[in-house]
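Colleague: just coords:
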């Protein structure tokens, strides 16, 4: 069965888990932005140490993170290969007919792969240590200023919550439908890409129908529990920034400072 | 006010899917409904409810029995304003459900537990789902916290507060749904075939909680079901068929009308049927035997 790590919460009581979701969201975004500023391997080492520290404190077993990486393994390889072959460069490492592999190409490929890996690990940590509800609360908060220009912040957040809530349910259902059809001789495993894609159609139709039925039931259930959008709504868990949130931000700012310092040092000494 | 829930001359015809009701308000897309109406409405609309009169008292445990399509679920949805009567009136705590200004008060007083345990849990963590109702009511965060803990304890689900709901069994999910309603401090809980998709253990769990809420918290329970054994636990049974109330009375009394019940496609509990046949065969047995234990007791004492 398909396993998706993104959106799967790992329950624990770590320092990272207790951070304010808004701060975690901010830090993750900052981290993602600033890993693209790194120009040399010293910077990557610094970022890797930072990530390793975060993973440690979060108490999330590394295999959860690797599972998330496996899903995009193909994309990493693909971008790396593209970079190897399509980066113009001076120093030729290997000449294969019309293609040549340059040192710059290899370095670029390595950088891109590292960035992608860190990006995925960074965002997985966010989703693994934050309950989807907290996360959507944080997103709702971040979108609040946009309410003035009629962006339905609450509705978007509610839709995301419900989507996250139903991912495991629908996956289970898909598994059931698949087994039911396999028991009647359906074949999902052999054949080319097109044949495989086509064999998914009889799977998606019942899945869609049941998803609509679920949606209708859910709407009734929500209405009967007095849901009426965000009119007069309060929250049980109020988000509050605490000292630890600012400490976490401080550590990240240190990393960003380190990245720029190392960029400078590397520039001076010509380190790639 | 004598009755907490009262229906008079209640008629309901399905014309549009229930969800479409809200869309009919101006400013929302109306053309979509009309398409659905044509599909949903049968050519000659037979009313799902056809003149229902009933009254339920505060603190009562009432089972509404009926086979599929008897209108029992439609009736349940009227109590919570999810459906509006075509004609006739439903009163909840003296307020007519057609009073649009009071709709949220009624929904707060009437909690609904639906059939499919998966399709009524909104949040990804048990305690956050329980908090959903009170959050909608705009209650203070500290008070919500208190209510959530209390409600989870009442249904015996405290240890699962931090769990994701898809790891729970069906019976546990329904107990979470009940906790979610309890946190809204309702007077009435409607279990709309809430046990239909559960295994026997889950059914027993849910029934135990319902009984306990009725006895200890004095919450009025309306149990919509087609399981005789569950209905037998109620104070009173209302039997429905073809959108009408056919019979109403204590379980022991209702289950003596075996022929009528079987005529509308319902079974009676085995013990009641055996007792009935024994009586016909001349064995002197008291009235009102519903459960196996009662039958055994009565047989021991006869002669």
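Modeller: Here it is on my side, so go on. Just so it is clear, the structure is predicted and the values come from calculations on it, not from any experiment.
Colleague: ok, which residues in the stretch 101-250 of chain A are in contact with chain B?
Modeller: A:131-133, A:161-162, A:164-165, A:168-169, A:172, A:213-214, A:216-228, A:232-238 (CB under 8 Å from any CB of the partner chain). Heads up, the C-betas are built off the backbone N, CA and C, glycines and all.
Colleague: biggest helix in chain A by residues?
Modeller: As assigned by DSSP state H, the longest helix anywhere in chain A is helix A:153-183.
Colleague: Now do the same for it: mean pLDDT, whole number.
Modeller: For helix A:153-183, the mean pLDDT works out to 87.
Colleague: which element follows that helix toward the C-terminus?
Modeller: helix A:193-199 (DSSP states H and E).
Colleague: residues making contact with that next one?
Modeller: Residues outside helix A:193-199 that contact it (CB atoms under 8 Å, 6 or more residues apart in numbering or on different chains) are A:186, A:187, A:188, A:189, A:191.
Colleague: Quick one: neighbours of the first one, just the number.
Modeller: When neighbours are defined as other CB atoms under 10 Å in any protein chain shown, residue A:186 has 14 of them.
Colleague: Same question for the last one.
Modeller: Counted by other CB under 10 Å, the residues lying close to residue A:191 total 12.
Colleague: now do residue B:285
Modeller: 17.
Colleague: surely it meets residue B:278?
Modeller: Yes. Using CB atoms under 8 Å, residue B:285 is in contact with residue B:278, at 5.8 Å.
Colleague: Tell me the helix or strand right after the top helix by length along chain B.
Modeller: Looking across chain B with DSSP H, the single longest helix is helix B:200-216. Once the chain leaves helix B:200-216, the next helix or strand it forms, by DSSP H and E, is strand B:220-225.
Colleague: Average pLDDT for that next one, rounded please.
Modeller: 93.
Colleague: Which elements pack onto the lowest-mean-pLDDT helix or strand in chain A?
Modeller: Least confident helix or strand, chain A: strand A:92-96 with a mean of 74, by mean pLDDT, DSSP states H and E. Here strand A:92-96 touches strand A:99-102, helix A:103-129, going by 3 or more CB pairs under 8 Å, 6 or more residues apart in numbering or on different chains; DSSP states H and E.
Colleague: rerun at 6 Å
Modeller: Applying 3 or more CB pairs under 6 Å, 6 or more residues apart in numbering or on different chains; DSSP states H and E, we find strand A:92-96 packed against strand A:99-102.
Colleague: Parallel or antiparallel, list what pairs with the strand it packs on.
Modeller: Counting by DSSP bridges, the strands paired with strand A:99-102 are strand A:92-96 (antiparallel).
Colleague: Can you tell me what sits against the partner strand?
Modeller: By CB atoms under 6 Å, 6 or more residues apart in numbering or on different chains, the list of residues contacting strand A:92-96 from outside reads A:100, A:101, A:102, A:103.
Colleague: correct me, but residue B:119 touches residue A:217?
Modeller: Yes. Residue B:119 is within contact range of residue A:217, at 3.6 Å (criterion: CB atoms under 6 Å).
Colleague: Give me the more crowded residue out of these two.
Modeller: Legend: neighbour count by other CB under 10 Å for residue B:119 and residue A:217, higher for residue B:119 (20 against 17).
Colleague: on that earlier part again, in the longest helix of chain A, what counts as buried?
Modeller: Of the residues in helix A:153-183, A:153-154, A:157-158, A:160-162, A:164-171, A:173-174, A:177-178, A:181 count as buried by neighbour count, 16 or more other CB atoms under 10 Å in any protein chain shown.
Colleague: Check stretch B:260-269 too.
Modeller: Under the neighbour-count criterion of 16+ other CB under 10 Å, stretch B:260-269 has B:261, B:264, B:266, B:268, B:269 buried.
Colleague: can you list those in CSV and add secondary structure, pLDDT and distance to chain A?
Modeller: Conversion of these to CSV gives the following (DSSP: H, G, I helix; E, B strand; the rest coil; pLDDT from 0 to 100; distance: CB to the nearest CB, whole Å):
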residue, secondary structure, pLDDT, distance to chain A
B:261, helix, 87, 30
B:264, coil, 86, 27
B:266, coil, 85, 26
B:268, coil, 82, 31
B:269, coil, 82, 30
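Colleague: farthest pair in the residues you listed?
Modeller: Spatial extent of the buried residues of stretch B:260-269 (CB to CB) is set by the pair B:264 and B:269 at 16.0 Å.
Colleague: Check which helices and strands the helix or strand encompassing residue A:209 sits against.
Modeller: Per DSSP H and E, residue A:209 falls inside helix A:201-224. Counting contacts by 3+ CB pairs under 6 Å, 6+ apart, helix A:201-224 is packed against helix A:153-183.
Colleague: at 8 Å instead, please
Modeller: helix A:153-183, strand B:110-113.
Colleague: Export these to CSV and append columns for distance to residue A:80.
Modeller: Shown next, in CSV, are the helices and strands packed on helix A:201-224 (distance: least, CB to CB, whole Å):
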stretch, distance to residue A:80
helix A:153-183, 29
strand B:110-113, 53
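Colleague: count of neighbours near residue A:91?
Modeller: So residue A:91, with other CB under 10 Å, has 11 neighbours.
Colleague: Give the closest residue to it in space, chain neighbours not counted.
Modeller: residue A:103 (3.9 Å; CB to CB, 6 or more residues apart in numbering or on different chains).
Colleague: can you count the residues close to that neighbour?
Modeller: Residue A:103, neighbours per other CB under 10 Å, totals 14.
Colleague: isn't it right up against residue A:89?
Modeller: Yes. At 6.1 Å, residue A:103 and residue A:89 qualify as touching, with contact defined as CB under 8 Å.
Colleague: hmm, back to that, return the distance of the residue nearest to residue A:91 relative to chain B.
Modeller: Distance of residue A:103 to chain B, computed by CB to the nearest CB, to the nearest Å: 48 Å.
Colleague: How about residue A:52?
Modeller: Distance from residue A:52 to chain B, counting by CB to the nearest CB: 27 Å.
Colleague: Could you do residue A:95 as well?
Modeller: Counting by CB to the nearest CB, the gap from residue A:95 to chain B is 54 Å.
Colleague: tally of neighbours for that residue?
Modeller: 10.
Colleague: Under the pLDDT cut-off, which ranges of the stretch 151-272 of chain A? List them.
Modeller: For the stretch 151-272 of chain A, the stretches with pLDDT under 70 are A:272.
Colleague: tell me the contacts of residue A:118?
Modeller: Taking CB under 8 Å, 6+ apart, one finds A:31, A:35, A:44, A:47, A:48, A:51 in contact with residue A:118.
Colleague: typo on my end, residue A:245
Modeller: Contacts of residue A:245 (CB under 8 Å, 6+ apart): A:19, A:20, A:23.
Colleague: quick one, phi psi at the first one?
Modeller: Looking back up the chat, that one is residue A:19. phi -60, psi 150 (degrees, to the nearest 10).
Colleague: That one: neighbouring residues, count only.
Modeller: Neighbour count for residue A:19, taken as other CB under 10 Å: 24.
Colleague: Might one say that it is in contact with residue A:248?
Modeller: Yes. Under the criterion of CB under 8 Å, residue A:19 makes contact with residue A:248 at 5.6 Å.
Colleague: And for residue B:156, nearest residue in space, chain neighbours not counted?
Modeller: Closest to residue B:156 by CB to CB, 6+ apart is residue B:175, at 6.9 Å.
Colleague: Helix, strand, or coil at the one you found?
Modeller: Three-state call for residue B:175 (DSSP: H, G, I helix; E, B strand; the rest coil): helix.
Colleague: Could you report the pLDDT at it?
Modeller: Confidence at residue B:175, expressed as pLDDT, is 94.
Colleague: cool, and residue B:201?
Modeller: So residue B:201 comes in at 90 (pLDDT).
Colleague: What of the one 3 residues further on?
Modeller: pLDDT for residue B:204: 91.
Colleague: now do residue B:108
Modeller: pLDDT at residue B:108 comes out at 92.
Colleague: So what's the residue count around residue 86?
Modeller: Reading this off chain A. For residue A:86, using other CB under 10 Å, the count is 11.
Colleague: The intended chain is chain B.
Modeller: Residue B:86 has 15 nearby residues by other CB under 10 Å.
Colleague: likewise residue B:87?
Modeller: Neighbour tally, residue B:87, other CB under 10 Å: 12.
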